[in-house]
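[1] Provided below are the primary sequence and the corresponding predicted coordinates.
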Amino acid sequence: MKQITALLFLLTSVIILQAQNNKPLRNAFTLTLKVDGTNYYQQEVEETPYFVKEGVLQIYPGEKLNIEVELKNDSIVSMTTVKENLHPEKTIVVRFYQIEGEKADTDMILNVKNPFNKTLKHKALMFTTNNNKLQPTSIIPIRPTLENFETWGYPIISLVLVEWELADE
């Protein structure tokens, strides 16, 4: 009986700790982007979910996300944003930022780290300062256990990353 009680306590503790590590919502913040040498774009970003729906991730410049992934038969079945990368073997790390410097640089970088032994693929849509709609943009597949750096030479307000999958390629 003591063993069953101890096992239940341990299981409950693990579930509680996992739930405490989940971070489904971003905190509200003010987004400021350099548009050119003298102009800036500014927007209030409200507290919103990182995943706007299943498998659809919205990321803003300045965010670094840990995305814990559950697989079944080498297919992604769920993705959850977490505070800490407690399971690096199944956590995709995504960082989106604008290069800062003294020049009028407005370049944006998306860095995605693939922890898996398969190629990680996804598609991307971008919302820029000079267009009022989401537009597709090209993304290179991320080779197994490597990371990619995608760059754009203009300010991007937000990226929406969709159609995540693992492939043998």
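    Now that the structure is in, tell me what you want to look at.

[2] Which secondary structure element is home to Q20?
    When elements are assigned from DSSP states H and E, Q20 belongs to helix 2-21.

[3] Which per-residue confidence value corresponds to V94?
    V94 carries a pLDDT value of 98.

[4] unless I'm mixing things up, it is touching L57, no?
    Yes. Judged on CB atoms under 8 Å, V94 makes contact with L57 at a distance of 7.4 Å. Using the backbone N, CA and C atoms, a C-beta is placed for each residue, glycine as well.

[5] Residues that sit against both of those two, list them.
    Between them, V94 and L57 share these contacting residues under CB atoms under 8 Å, 6 or more residues apart in numbering: 65, 67, 161.

[6] possible to save those residues as TSV with pLDDT?
    Formatted as TSV, these follow (pLDDT from 0 to 100):
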residue	pLDDT
L65	98
I67	98
L161	98
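
[7] in a helix, that's where V160 is, yeah?
    No. Using DSSP: H, G, I helix; E, B strand; the rest coil, the assignment for V160 is strand, not a helix.

[8] That one pairs with what?
    For V160, the beta-bridge partners are Q58, L125 (DSSP bridges).

[9] what's the spacing between it and L31?
    In this view, V160 and L31 are 15 Å apart by CB to CB, to the nearest Å.

[10] repeat for N131
    16 Å.

[11] pLDDT averaged over stretch 100-107, what's the number?
    What stretch 100-107 shows for mean pLDDT is 73.

[12] what's the span of that stretch, first residue to last?
    9 Å (CA to CA, to the nearest Å).

[13] what about the strands in this protein?
    29-34, 40-45, 51-53, 56-59, 63-72, 75-82, 91-98, 108-113, 119-128, 135-137, 147-152, 156-167 (DSSP state E).

[14] just checking, I139 touches L125?
    No. Applying CB under 8 Å, one finds I139 not in contact with L125, separated by 10.1 Å.

[15] Compare the strands of the chain and give me the one nearest K23.
    With CB to CB as the criterion, K23 lies closest to strand 75-82 of those, at 5.0 Å.

[16] then that closest one to CSV, C-alphas only?
    Extracted in CSV, the C-alpha atoms of strand 75-82 (Å, rounded to 0.1, in the frame of the first residue of the first chain):
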residue,chain,number,x,y,z
SER,A,75,4.8,12.3,-36.6
ILE,A,76,4.1,15.5,-34.6
VAL,A,77,0.9,15.0,-32.6
SER,A,78,1.2,18.0,-30.2
MET,A,79,3.3,21.1,-29.6
THR,A,80,3.3,23.1,-26.4
THR,A,81,5.3,26.2,-25.5
VAL,A,82,7.2,25.8,-22.2
